[in-house]
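Visitor: Fold the following and give me the result.
(one chain, ligands or ions: 1)
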Amino acid sequence: MAMDADLKDRIKQAVADGFDEQIAFTQKLVQNPSLRGHEHSIQDLLFRELQGRGYAMDRFKMDHAAIAAHPGGSKISEDHSDAPIVVGIHRPRSETGRSLILQSHLDVVPEGLHDMWSDPPFSGKIEGDWMYGRGAGDMKAGAAANLFALDALRRIGLQPAATVYVQSVVEEESTGNGALQTFLQGYTADAVFIPEPEEEMLVRANLGVLWFEIQVRGVPVHVREMGEGANAIDAAYRIIGAVREVEEEWNADKAGRPHFENEAHPINLNIGKIEGGDWASSVPSWCNVDCRIGIYPGVTAEKAAAEITERVRVFAEADSFLANNPPKVVFNGFYAEGYVLEEGGEAEAVLGRAHEAAIGAPMKSFMTAGYLDTRVYALYNDIPALCYGPKSRNIHGIDECVSLDSVRKITQTMALFIAEWCGTEALDG
Ligand code: ZN
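Guide: I've put the predicted structure just below:
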């Protein structure tokens, strides 16, 4: 049932009225350097914020065995975070609407070299319309929007007439195991909404992602004894070339894949980190190369991983140094399939109406080539999984920032979406 125009205006105004407070809270989140494995204090902060608003609270650890046993479970390395997952639960007096999960992740990617940033990476500095800082767009603005969209309804004496779970996870940037854990814990709803920085558009399709480390080992010798190519770092370069061939073959295989066949280069292999050797005058005996590659929806992580492992094995067999020093391929993070959001669902229609009321133009959808937690809900809960959020710049890069004007608008979209999807009732107490 569509909402009347008066209620829409009141909801939009309520978001605007709370927006200074929302900016201040977003800034507080950005100023917390919640890098992988260091998200405990920010998860506690979110716990207190939700508890202070009267939500029923749950907090739990990741179950490594259960994650490992699930087809959507990514690989758990020693770098895996042990920060807790936090869930705040709103229960209505009478459950007349459709239930909803509002999810965010509070882990952020490494900030890179600080001297390349215009301001310190966790400054939360505001300049014009932009708030700067690692995680500002991805996705602390969205995490705050989850709370403040619900606050906006309260500000006008309303609350959702259905159960709403506000879920704050970690490990989104490296495994996706946080979102999977909420599912394994038993949390589900009629839809999920994740306000990642998506340029005010809805994500229609999303690639899966694999992380792997190529480990090259060889006997160290003095440089004067160095034979042709018998150098772990040189050998690593040769293997990277072989994996680049896999990337090109997967790109060539885009035909007939809706949402991907018209992309110039849908599959990206990123050589993300390279480490090896000990110093300039010893032939390096070791080299580790950390890689990330995308996979099409419908291709399992297992199948893609087997293809990469096999290609490296075959390449090494034909290489004089590597044949005697077979490299290892270790999957150490993302092991996740992609998803496609089917067109024309009711959740999308409600979001489209909310978007139009807040932004003033029809909602667009698009394909995104990075990992998203929405895959857990789309693939395993089998519920409508909506990923939609603010405009940003340089996420995962230098001088990341988010547009505050856009954050206000998408929070309005979210509040309107919640009001129509869940329905509303008079605020408790
Ligand atoms: Zn993100």
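
Visitor: Per-residue pLDDT of the one residue in the stretch 151-300 of the chain that gets nearest to the ion, please?
Guide: Across the stretch 151-300 of the chain, no residue is closer to the ion than E196, which sits at 4.7 Å (C-beta to the ion). In this view, the C-beta of every residue, glycine as well, is placed from N, C-alpha and C. Note on E196: pLDDT of 98.

Visitor: right, and the secondary structure at it would be what?
Guide: Classification of E196 by DSSP: H, G, I helix; E, B strand; the rest coil places it in coil.

Visitor: can you pull the contacts of it?
Guide: D138, M139, G142, V203, L372, C387, Y388, G389 (C-beta atoms under 8 Å, 6 or more residues apart in numbering).

Visitor: Find the nearest non-adjacent residue to the second one, please.
Guide: So that's M139. E196 (5.2 Å; C-beta to C-beta, 6 or more residues apart in numbering).

Visitor: how about the residues of the stretch 51-200 of the chain near the ion?
Guide: D138, M139, E196 (C-beta under 5 Å from the ion).

Visitor: Now P327. Its backbone dihedrals?
Guide: When read as degrees, to the nearest 10, the backbone of P327 gives phi -70, psi 160.

Visitor: Quick check: bridge partners of the residue lying closest to it once chain neighbours are set aside?
Guide: In space, and not counting its chain neighbours, P327 is closest to V216: 4.7 Å by C-beta to C-beta, 6+ apart. Bridge pairing for V216 (DSSP bridges) gives the partners C287.

Visitor: Just give me the neighbour total for V216.
Guide: 27 (other C-beta atoms under 10 Å).

Visitor: My guess is it contacts N325. True?
Guide: Yes - under the criterion of C-beta atoms under 8 Å, V216 makes contact with N325 at 7.0 Å.

Visitor: Show me whatever sits in contact with both of these two.
Guide: Common neighbours of V216 and N325 (C-beta under 8 Å, 6+ apart) are A232, A235.

Visitor: in stretch 286-300, what's buried?
Guide: 286-297, 299 (16 or more other C-beta atoms under 10 Å).

Visitor: Can you show me the CA trace of that stretch as PDB?
Guide: What follows is stretch 286-300, C-alpha atoms only, in PDB (Å, rounded to 0.1, in the frame of the first residue of the first chain):
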ATOM      1  CA  TRP A 286      60.600 -17.000  -0.800                       C
ATOM      2  CA  CYS A 287      57.900 -14.900  -2.200                       C
ATOM      3  CA  ASN A 288      54.200 -14.600  -1.300                       C
ATOM      4  CA  VAL A 289      51.800 -12.900  -3.600                       C
ATOM      5  CA  ASP A 290      48.300 -12.100  -2.400                       C
ATOM      6  CA  CYS A 291      45.600 -12.000  -5.100                       C
ATOM      7  CA  ARG A 292      42.000 -11.400  -5.400                       C
ATOM      8  CA  ILE A 293      39.800 -12.400  -8.400                       C
ATOM      9  CA  GLY A 294      36.100 -12.000  -9.300                       C
ATOM     10  CA  ILE A 295      33.900 -14.900 -10.300                       C
ATOM     11  CA  TYR A 296      30.600 -14.900 -12.100                       C
ATOM     12  CA  PRO A 297      27.300 -15.600 -10.300                       C
ATOM     13  CA  GLY A 298      26.500 -19.300 -10.700                       C
ATOM     14  CA  VAL A 299      30.200 -20.300 -10.600                       C
ATOM     15  CA  THR A 300      31.000 -21.800  -7.300                       C
END
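
Visitor: avg pLDDT for that stretch?
Guide: For stretch 286-300, the per-residue pLDDT averages 97.

Visitor: quick one: it to chain centroid distance?
Guide: Taking the mean of its C-alpha atoms, stretch 286-300 sits 16 Å from the chain's own mean (C-alpha atoms, centre = their mean, to the nearest Å).

Visitor: wait, what's in contact with the closest residue in space to A369 that isn't next to it in sequence?
Guide: Leaving aside its sequence neighbours, A369 sits nearest to L207 (C-beta to C-beta, 6+ apart; 5.2 Å). Going by C-beta under 8 Å, 6+ apart, L207 touches P266, I267, G294, I295, Y296, P297, G338, T368, A369, G370, Y371.

Visitor: Which stretches in the stretch 201-350 of the chain count as strands?
Guide: With DSSP state E, counting those that start in this stretch as the criterion, the stretch 201-350 of the chain has strands at 202-206, 208-217, 269-276, 286-295, 328-336, 339-340.

Visitor: what would those look like in a markdown table with distance to the ion?
Guide: Listed next are the strands of the stretch 201-350 of the chain as a markdown table, based on distance: least, C-beta to the ion, whole Å:
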| stretch | distance to the ion |
| --- | --- |
| strand 202-206 | 11 |
| strand 208-217 | 12 |
| strand 269-276 | 16 |
| strand 286-295 | 14 |
| strand 328-336 | 13 |
| strand 339-340 | 15 |
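
Visitor: which helices and strands does the longest helix belonging to the chain pack with?
Guide: Identified as the longest helix of the chain according to DSSP state H is helix 232-252. Helices and strands touching helix 232-252, by 3 or more C-beta pairs under 8 Å, 6 or more residues apart in numbering; DSSP states H and E, are strand 208-217, strand 269-276, strand 286-295, helix 301-317, helix 320-324.

Visitor: Return the most buried member of those.
Guide: Counting by mean count of other C-beta atoms under 10 Å, strand 208-217 has the highest mean neighbour count of the helices and strands packed on helix 232-252, with a mean of 23.

Visitor: What about H64, how many residues nearby?
Guide: By other C-beta under 10 Å, 14 other residues sit near H64.
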